[in-house]
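Visitor: Sharing a model prediction with you, sequence too.
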Amino acid sequence: MNRLLVDRARRVLAANDLGTSTKPSPALYPHQWNWDSAFIAIGLAHYDLERAKAEIRSLLVGQWRNGMIPHIIFNSDTSAYFPDPHSWQIARSSDAPASILTSGITQPPMITIAVRDIVRRENRADFAREVFRALLAYHRWFHHDRDPRGEGLVSIIHPWESGMDNSPRWLEILDQIKLEKRPTYKREDNTLVPPDERPTDADYDRFIFLMDLARNLNYNRAEIFANSPFVVQDVLLNSILFCADDALRELAALIGEPTEEPEQWMHKTRLTFQSRLWNDADALFYDFDRRGERTIHENTIAALIPLYAGLATKGQADRLVKHMTSPEEYAPDTATAFRVPTASKSSKYFAPRGYWRGPIWINMNWFLIRGLERYGYTELAEEIRADTLALIERSGFHEYFNPQTGEGDGTDTFSWSAALVIDLVEDDTP
Ligand code: 9WN
């Protein structure tokens, strides 16, 4: 059964293959996305290491001079996606690459974790040697540019940077953005899938407002930090960066480069993660609104992802697992058969078809499975793995799934759903 699933998953990746990169889906997402490509490389590494390396190399082609790896690298063969290169106008920044079109923001740095997977599977250091400098530059950019005060937590400047675009976590800040007039733009996404399975126009107005703001400030970080209402220390991105720092440390050790820098980053992150993001009363990790200097009290799946990174103490992990196993929050109940929803069912924003406001996403289940394994909750990890595979078996490689009915929503044949299913079935963590 599972072998058949792997074959089907490989076919999804082959169908979305653009040669040296893979688009997330056939029509809705026709370009290369940053963390998608990293998840895809993790899947590809199980059966085609050369193609997995090509996926990483093509992502690095879009790297900015300041080290940032952008969230989208545009495929020049198509213009069917909004926002397009003209919306971003990255040439306004002297840091942007000259001959390649990209967006002007980033996404969670899964790339370094994917590179470590590839290097471990190959059991050779060549690829680590090849990409180490570029990865180091990306991490330095995160830690210096996005954490200018050296606090140990980096900030995101757009919900798209979190990868969880319309999460309830961002709503309070976005609601405070009062638009004098609506930005003018034409969406493509809600013509390709049912509009109620996409972020709303009100969400998009704010996404575009923040994109325009960053562009109009020529992607100057100091100006953006000073002027944007959205500067957030995101639990998810900081968890992934912590894991990525650890992967970078391992790559450095392998090729004889110094390991102190990533070690220091990790040390600082661990301290501030605990002191600023852990909320002991609610027993959840919460994002911190850096601009407004306040905690964002939203119970979403992001609050549990520090398990993946090993950033929770054993006691905190036990308490996080209680949320996961509570039927009022993340566990199945009479109305909700499938898990794990991306927002707690107790949240007033919970919406079973609402994109990142409740539906199940395969990458989030994958993070939780890996996190539960790390803390020794093997039975629960096993249950969620079995549920995840059963869901795909039942509804196909959709972008996300309704936790009440199990139906697949958003786009079909979604690349990371396929890639991570391969990783979950093979499950021979290198
Ligand atoms: C904006 C490609 C991307 C994912 C994100 C997901 C969605 C884009 C969009 O698709 O975002 O970046 O157009 O909605 O939220 O996580 O990387 O799959």
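Guide: Arrived safely, thanks for sending.

Visitor: Pull the number of nearby residues for the closest residue to the ligand within the stretch 201-350 of the chain.
Guide: Here the residue of the stretch 201-350 of the chain nearest the ligand is F207; by C-beta to the nearest ligand atom that distance is 8.2 Å. For the C-beta atoms, the positions are set from N, CA and C on the backbone; glycine is no exception. As a burial measure, F207 scores 22 neighbours (other C-beta atoms under 10 Å).

Visitor: what's the answer for the one 10 residues further on, then?
Guide: Number of residues near L217 (other C-beta under 10 Å) recorded here: 18.

Visitor: My read is that it contacts F225, right?
Guide: No. Proximity of L217 to F225 does not meet the contact threshold set by C-beta atoms under 8 Å, at 9.9 Å.

Visitor: and the residue nearest to the spatial centre of the chain, how far is that from W361?
Guide: Geometric centre of the chain, nearest residue: G163, 4.3 Å, by C-alpha atoms, centre = their mean. Here G163 is placed at a distance of 9 Å from W361 (C-beta to C-beta, to the nearest Å).

Visitor: What of E188?
Guide: 21 Å.

Visitor: do T295 as well
Guide: As defined by C-beta to C-beta, T295 lies at a distance of 24 Å from W361.

Visitor: Pick out whichever of the two has more residues nearby.
Guide: Neighbours per residue (other C-beta under 10 Å) separate T295 from W361, with W361 holding more: 25 against 15.

Visitor: So for the more buried one, what's the pLDDT?
Guide: Listed pLDDT for W361 reads 98.

Visitor: That one - nearest residue in space that isn't next to it in sequence?
Guide: Among residues not flanking W361 along the chain, Y400 sits closest, at 5.0 Å (C-beta to C-beta, 6 or more residues apart in numbering).

Visitor: Same question for G354.
Guide: Nearest residue to G354 in three dimensions, chain neighbours excluded: N166, at 7.3 Å (C-beta to C-beta, 6+ apart).

Visitor: Enumerate the residues of this protein near the ligand.
Guide: Applying the criterion C-beta under 6 Å from any ligand atom, the portion of the chain that neighbours the ligand consists of P24, Y29, W33, W35, D36, H71, W160, G163, D165, D189.

Visitor: same thing but at 8 Å, please
Guide: Residues of the chain lying near the ligand by C-beta under 8 Å from any ligand atom: 24-25, 28-29, 33-36, 71-72, 81, 103, 107, 160, 163-166, 189, 198-199, 355-356, 399, 414-416.

Visitor: give me the element S239 is part of.
Guide: Under the criterion DSSP states H and E, the helix or strand holding S239 is helix 235-254.

Visitor: For that helix, buried residues please.
Guide: By neighbour count, with 16 or more other C-beta atoms under 10 Å as the criterion, the buried positions of helix 235-254 are 235-252, 254.

Visitor: show me the contacts for the residue of the stretch 101-250 of the chain found nearest the ligand.
Guide: Sorted by distance to the ligand under C-beta to the nearest ligand atom, the residues of the stretch 101-250 of the chain start with G163, at 3.7 Å. When contacts are counted by C-beta atoms under 8 Å, 6 or more residues apart in numbering, G163 is found next to W35, Q107, P108, L236, L237.

Visitor: hmm, try it at 7 Å
Guide: Residues counted as contacts of G163 (C-beta atoms under 7 Å, 6 or more residues apart in numbering) are W35, Q107, P108.

Visitor: how close does it get to L192?
Guide: Look at G163 and L192: by C-beta to C-beta, they are 20 Å apart.

Visitor: cool, I255 as well?
Guide: Shown here: I255 relative to L192, a distance of 43 Å by C-beta to C-beta.

Visitor: Of the two, give the one with the bigger neighbour count.
Guide: Neighbours were tallied for I255 and for L192 using other C-beta under 10 Å; the higher tally belongs to L192 (18 against 13).

Visitor: could you pull out the strands for the stretch 51-200 of the chain?
Guide: When secondary structure is read from DSSP state E, counting those that start in this stretch, the stretch 51-200 of the chain shows strands at 72-73.

Visitor: what ranges of it fall below the confidence cut-off?
Guide: In the prediction, the stretch 51-200 of the chain carries no residues with pLDDT under 70.

Visitor: distance of S94 from the ligand?
Guide: According to C-beta to the nearest ligand atom, to the nearest Å, S94 and the ligand sit 24 Å apart.

Visitor: Quick check: chain neighbours aside, which residue is closest to that residue?
Guide: Nearest one to S94, counting by C-beta to C-beta, 6+ apart, is R65 at 7.5 Å.
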